[in-house]
Structure formats: structure tokens, C-alpha cells
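Undergrad: fold the stuff below for me.
(chains A and B)
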Amino acid sequence: MLKITVEKTGRPVRVKLDGSLSGPWVAELEKSWVGLGSGGRKGWLVVDLIDVTHVDAQGRELLRRMHRGGAELIGCGLMTREIIQQIQLASQGCEPEKS
Amino acid sequence: MADVFAGAVKAQPASELERHRALLEIAEAISVHRDLPALFHSLADLLHKVVQFDAIYLVLHDEERQMMRLHILVSEDDTASTPQLELPVEDSPGGMVWQTQQPVIFSGEEMVARFPQVKGVTSQHRVRSVCILPLSSAHRRLGAIGFASAQPEIYDLEDVTFLEQAARQVAVAVDNALNGARAQTYQRQLARERDRLQVLLEMTNAVVSTLDLRGLFPVISACLRRVVNHDYASLALLDADGQHLRLYALDFPGGRGYVQEQMAGRVDEIPPGRAVQSHKPYVIRAGEAGFGICSEIASLHRTEGLKCAVFLPLISRDRVLGTLNVASRHVDAFPAADIELLTSAASQFAIAVENAVAYREIAELKDKLAEEKLYLEDEIRTEYNFEEIIGESVALKRALKDVETVAPTESSVLVLGETGTGKELIARAIHQLSPRKERTFVKINCAAIPSGLLESELFGHERGAFTGAIAQKVGRFELAHHGTLFLDEIGDIPLELQPKLLRVLQEHEFERLGSTKTTQVDVRLVAATNQDLARMVEERLFRSDLYYRLNVFPIQVPPLRDRASDIPLLVRYFAQKYARRMNKRIETVPAEAFEALVNYSWPGNVRELENLVERAVILTQGSVLYVPLAELQSSGSRAASGVGILPVTGHGRVLFRDSDGVPRTPAIGDASATVPPVQTLEEAERDHILRVLRECDWVVGGPGGAAVRLGMKRTTLQSKMRKLNISRPQ
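TA: As a prediction, this is how the structure comes out:
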């Protein structure tokens, strides 16, 4: 189960995720993301992963694409931070550091 | 007529021939006329030729009321009438003739003197001579026929003889006519009865064919309208409190909208409430006491112009469910026969109402159960989400690939793996990826249920099947119908139960304990064990046929030590999970802690890792995860000293025993790291129990016994000894 909350009132646009980003909810998030259009510049969209409990492989791939499209990923917790870190390093062309 | 009578002169007597001819003509008239007034009119014409009279009349005996009723009077002015004159038998001249069956001749004065109550009609017609003859058929005495004249002493014996012959013929005609009228009455009654029974039958058919009260009510109302004219029909049901009646359904085509469904009133304040309280139909009419009852609903009904209403209690099994209400805009709308029919209809309708109410309750409960099931399934998915099987190691991916391969099929699956490796998650993943995922996943742990109860748990039992079977129980196989049944710890299923399990797997049928009825089920089985079933088969501890039936598609879940690369992922996942739960903020895990965790053997596999991380999160004060590594070392020492029940095996990253028994982590490629032969859990357990028993000199119970040292109950140890085939040497 994943709850997707989109806040478009200000800048940047904020997408808050609660729950598990996995299975059919990956497509749901993608639909929401596509619906927002393309902001064009980096940081137009913030994806809040603070209350995400799990991200599967497809979820990670979507986050990676969203990051490439200019989304900023924020989150806390060991697992989430590790995922964000790996996505950021991959986008910089670096191999993720083994912790 | 009186003037005519007064001026009449006695005619010449008729000849014998004329009278015989008249009798023949009477016979012909009887065959032509079925209607009594027409017949008497014709008789008057015919008899005038041979007998003198100014009026002819028919008096009939009313058997029920013992009265003589003047039925037809044909007078001189050629008119036939049915006057309303009734007299008791003893007060009527016709009654006297009916009783004596003898003809009489009266003068007007004599008759009035003897029967004063006929004075009026006698005076009206100025009667001075009367001849009255009994009217009787072969079967019964019908009454009398009278001939009256305004002339005195006009009838003699010759007239009486002739009129007796005529009366006998007329009696047959009157009897036929009366029988015909009675037959018509019966026919009308039967037709009415048939129509009413037809209506009741149609109502019954409607009642049994639908459980939707709102849809049923117009049908019932239309049926009733065919035999009971009404403008309004409604169904009121008692609320749960039993104090209010609520209009549930309404059929009021000509209504102006004042009365509407869902209107409610207190039972003790509205007219239908009286039917509820008395358990009897209650009728009110305009102008009668009770019609002007002061309640809003009653007032609205009056505003609609309803002037007569019948309220019929709907009673089923001595319980009042509500009322059937029928009303009309006419005051005298419902005679007793209608109320009788409506009462019968209400009895039928009450059954429908009870069934519909019960059906509605069942449907509501069913919906509630379905919602609860959805909720619980969601809870289970949240708790055991196979999509959250964490890991990217080759060994895990291989197992998951097997899951994807076998899940869409109907094959039984045997999940093999050490304790704590996540066999149940694999079983749930198979279910979730199968076509049965919308149905139930039922789990049973064969080792957790006393062997004596396992059969009942699996197959269910009937009430009274054994002492303590106080109610019927549905077994797990039935619960899992069209779904998946997960039999955990299948190796612990008793030998005597195995044939029944094999039968249900092969034949898809079984009988509940205490039942002779065979139940068919469609269940997919996923079994799991951490025991070596093949070896158990060799040792005759497990049936070979069942083993082969289960072992169609084995999936080996790798132990954590074989997927050490997944350990960091798992640690992060569990740490975040428990940190969130405990509202802690943990940012990092020390590198040395990761190294120690990766290098540990994890005999308890993922479950042990999860427990350790949970403890670590509890112990952590700051943002750096504090892992109690000493616990790992002591576990390792226990394993090295042989106390741990699991052997330490490995693939380069696990702990090995030194020559002095101290655990150490060999480096990859360490030539000194020789791998000891793999021992099964069961073998290790057997060896350990044997060693403790020897040390205790085979004393099982008591303070210094092996059971205490092994930390288990004496009976548990004895059970294990039997299971592991351990016995004291002779």
C-alpha cells in the first residue's frame, strides 16, 4: 500500500509518499509523476521518502528516472538513505560506495 | 285490483278436458320457464282458464330461520312482485299447510281470525276466499301455493283436487328453480373461493421466488387488488427496539404524496400498533371510534382521503414482524370475507418478511465478513509481504525464480530450508503469484499443534465426534477451498495421519471427524520442513508415497550464510523498520559491525538477524546503530563448543572452530579453513541429546536429569527421544 500526496500549491512541487513503493504502486507513482509534466529544471520536484517503508527494484528504477528528470529525493532511515545515495552516485557516474 | 275483485262474477266451472289440457300446458310452461316469477306469471294465465282466482302466490319455507316467506305474488292486474312478508311457521296459513301437508280452504274472515298477521295483505287485496295447497317435491317440503279470490266461497273439492295436481307439477318446477338458484350461489362462492386461492397461490409463488421485500410488495398488492378492492397498501416493519413501526414499502398509486416510505410512529400511538399489540386484525372506518386517532401518520392518511383501513399483524413463529396495511377511500370497503382473506394473505406474507429480514441480516453479516477478510488479508500481506523479501543474492534470486516458475501451476510445492530462512514468505509468495491469490491462504504449523488435535485441525469435526467436540468445526482444508494450504513443519505430521493427508491430496476428498459425509475440496498444498524427509522415509518415519506426492517441486530456501551479500540490505531494512517503530533516528551502521554481521554464521538465519537488529535498535542511544557484537561471539563460542544445535558450515565467511575450539573467521582463500562434514539439524539434535543423557547417566527427569539440563520438560524430552529413536542401551 502506498499513499501518494501531491502538493502543487508552491514551488517546488512536492510528492509525499507513505508506505511501500513496490508492486502495482510503482505504476501509480509513475502515473502521478507523468501527470505533473516536466518541470525542466533541477529541483522543481521534491519526492519525500521519509515515510516510505520499502522500495523494491522497480521502485528504485522509477526513483532513479525521477531523479534524472530533475526530482530531488529526500528521506531518512538507513535503508532509504542508502537507496537515495546509490541513486545519486549512479547519476554522477560513480559506483555506489559499499557501507 | 280491489274494484276488479269486487265486480267479479263466479264463472262457469271448467270441463274435465279443459283442466287436463291446462295441466299439459302447465307442464310445458314449466319446461320453458326457469325463472320463478316468469313461471308464476305464465301459470296465472293458464290457470285462469280453469280456476277462478284474483291472485296466486308462493310461500316458501326458510329452513334455517324456520319462517314462511311470501315469495311471489301474481295478482289480477297481471303483475308479479316479491313482497317482503315473513311470518313464523305457526303464524302463517301457508305454514300450517306446510306442516300438515293438507290443502285448506278459508274464507277471508276465517283466515284473518286465525292468522291475524295476514290481515294487512288480505285487506289490501279484499280476499274473501283462499285455497292453499302444500308444495312438496319427492325430496322435500318446499312451502305452499295459494289462490285467492275476492268472491266468497268460490273454491270447492273439485277445484282442490285439480289444484293439487297442478301444485305437484309446480313443486317440481319450484324445486328445480330453488336448486338452480342454490347451485348458482354455490358456483359463485366456489368461483370466489377459487379466485382467492389463486391469489394466495400466486402470493406464495411470489414469496418463495424473491427475497427482496421492496420488489415483492407491489406484486403482493397487485395480487390482493384482484380480489379485495383497495386504494392503498403498505408494509410496516417493527424497528429493532420493538417500539416503532416504520413504513418499509408502499403501494399507493393514487396517493398525493402525504404518506411516504420510512415514516415511523410509536406502536402505542398509531392504528396499526393495535394490530401489533393484539396479534389480531384491526379495522377502522370513518365515523367510528379510533378513526380520529391523534397521530401525525393517521392524520396524513385521512388527508389522503382514506376512510377505511385494515391493519393485519405479520406473525411468524409467535413473533410480530410488522403489519400489512390495506385501506380504501370507501367507508364500507372490507367485508368480513375480505378481512378473512387478508388475514390468510398476511400469514403468507409474514413468511416472506421473515425470510427477507433473515436474508438481509445474513447479507449484511456476509458483507461484514468479506470486509474483515479483506482487512485481515491486507494485514497479513503487510506483515508477510513477499514483495519485501529483501535480497539480491544469486541464491535468493534462484529461489525466487523457482517461485515464479511453479506459482502459476497447480503443483504441490515442498519448501525446504533451515529454521528462520523465510519458508512461510516463500509459501505466501507462491500463493500471491498463483491464480488462487484472490482466495484464502491458510496456514497450519504441524509441530505447534498437539498430534491428537492435528486431524481435527486439518479435516474438522462434527459436534460430538469426541469428548470436547462441543461444536462443529471446519478444518483447514475446507477453509482453504479454492485457495492454498500451507503445511509448515510437515515432517512432524504423525504417521497415522499421513494416509488421510495423502488421500486428500490425491482424491481431493475427506471426511470430517465423526462424519460419514465425504467433502470435496480443491486445495493447492504448499508444505515446508527443515527436516530431511528423504532420510525420514528411509527410517520409516515418513510415508514414501506422501513424500513423493509432496516432493513434486522442491524449492530450497538458502540459509543466510549462503547469501551473506544480502546481510547489509537486511540490516538497513530491519534497522529502519524498528527505528521507525520505536521513533528513533538511526543514520549509520559502523563498518566493523557490518563486517562482523556479514562474517557470522547465522544459525537462526534471517529471524536471528532480525531479532539482533531489533535488540540493536533498542540499545542504540544516538544516530549510530549499536550492534551487540558480543552476542555474536558468544553464539559462535556456543556453536564451537558443540552446545549450539546447528553445525557451523560455511562458504568462506562463516565462523569455524579452531583446534582449541575458539571460533574464528577465516580469510577468503584460507587454506587452513577445512570444512567439516555437513550434519543435519536432526543429527546434531540427536547427538546433543545423546551426549547429555550419557552425562546424566540416562536419568531423564528430576533435578539432575537430562531434561533440566536441556531446558525442556521431561515429557518433551521423552517425546524427542522416541522421535529421534534414542533409547537407553541395555
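Undergrad: now the strand or helix carrying B:Ile220: buried residues?
TA: According to DSSP states H and E, B:Ile220 maps onto helix B:213-225. Buried residues in helix B:213-225, defined by neighbour count with 16 or more other CB atoms under 10 Å in any protein chain shown: B:213, B:216-217, B:219-221, B:223-225. Any C-beta I mention is one placed from the backbone N, CA and C, and that applies to glycine too.
Undergrad: which parts of chain B sit against chain A?
TA: Selection of chain B residues close to chain A by CB under 8 Å from any CB of the partner chain yields B:378, B:382, B:385, B:387-388, B:568-569, B:571-573, B:575-577, B:579-580, B:585-589, B:591, B:594, B:625.
Undergrad: just the buried members of those residues?
TA: B:385, B:387-388, B:568-569, B:571-573, B:575-577, B:579-580, B:586, B:589, B:594, B:625.
Undergrad: and these, which of them are in strands?
TA: Cross-referencing those against strands under DSSP state E gives no overlap.
Undergrad: now, those that are in helices?
TA: Among these, DSSP state H puts B:568-569, B:571-573, B:575-577, B:579-580, B:594 in helices.
Undergrad: C-terminal to the strand or helix carrying B:Ala427, what's the next element?
TA: Take DSSP H and E as the rule and B:Ala427 turns out to sit in helix B:423-432. Going down the chain from helix B:423-432, the next helix or strand is strand B:441-445, by DSSP H and E.
Undergrad: who does that following strand pair up with?
TA: Taking DSSP bridges as the criterion, strand B:441-445 sits next to strand B:484-488 (parallel) in its sheet.
Undergrad: now do the contacts for residue 34.
TA: In the absence of a named chain, chain A is used. By CB atoms under 8 Å, 6 or more residues apart in numbering or on different chains, the contact set of A:Val34 is empty.
Undergrad: was after chain B, sorry
TA: With contacts taken as CB under 8 Å, 6+ apart, B:Arg34 has the following neighbours: B:176-177, B:180.
Undergrad: from the residues you listed, list the buried ones, please.
TA: Buried by 16+ other CB under 10 Å: B:Ala177, out of those.
Undergrad: anything in the longest strand anywhere in chain A near chain B?
TA: Criterion DSSP E: the longest strand present in chain A is strand A:45-55. Yes: shown here: strand A:45-55 in contact with chain B (CB under 8 Å from any CB) through A:53-54.
Undergrad: other residues contacting that strand?
TA: Contacts of strand A:45-55 (CB under 8 Å, 6+ apart): A:12-22, A:33, A:36, A:39, A:63, A:66, A:69-77, A:79-80, A:83-84, B:385, B:387-388, B:573, B:576-577, B:580.
Undergrad: of these, which belong to strands?
TA: A:13-21, A:71-74.
Undergrad: now the two most distant members of those.
TA: Greatest spatial distance among the ones in strands among the contacts of strand A:45-55 (CB to CB): A:Val13 and A:Ser20, at 22.5 Å.
Undergrad: more crowded one of these two?
TA: Neighbour count, other CB atoms under 10 Å in any protein chain shown: between A:Val13 and A:Ser20, A:Ser20 has more, with 21 against 17.
Undergrad: so what pLDDT did the more buried one get?
TA: pLDDT, A:Ser20: 85.
Undergrad: flag every residue of chain A that's near chain B.
TA: Residues of chain A lying near chain B (CB under 8 Å from any CB): A:1, A:20, A:22-23, A:53-54, A:56, A:76-82, A:98-99.
Undergrad: which among those residues count as buried?
TA: Among these, those classed as buried by 16+ other CB under 10 Å are A:20, A:22-23, A:53-54, A:56, A:76-82.
Undergrad: can you lay out the ones in helices among the buried ones among the residues of chain B next to chain A as TSV showing pLDDT?
TA: Below are these laid out as TSV (pLDDT from 0 to 100):
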residue	pLDDT
B:Pro568	92
B:Leu569	91
B:Val571	94
B:Arg572	92
B:Tyr573	91
B:Ala575	93
B:Gln576	91
B:Lys577	89
B:Ala579	92
B:Arg580	88
B:Phe594	90
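Undergrad: what sits against the residue positioned nearest the centre of chain A?
TA: The centroid of chain A falls nearest to A:Leu63 when counting by CA atoms, centre = their mean (4.0 Å). Residues counted as contacts of A:Leu63 (CB under 8 Å, 6+ apart) are A:21, A:47, A:49, A:55, A:73, A:83-84, A:87.
Undergrad: in CSV, list the residues you listed along with neighbour count.
TA: Compiled in CSV, these are given as follows (neighbours: other CB atoms under 10 Å in any protein chain shown):
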residue, neighbour count
A:Leu21, 26
A:Val47, 23
A:Leu49, 25
A:Val55, 24
A:Leu73, 20
A:Ile83, 23
A:Ile84, 21
A:Ile87, 20
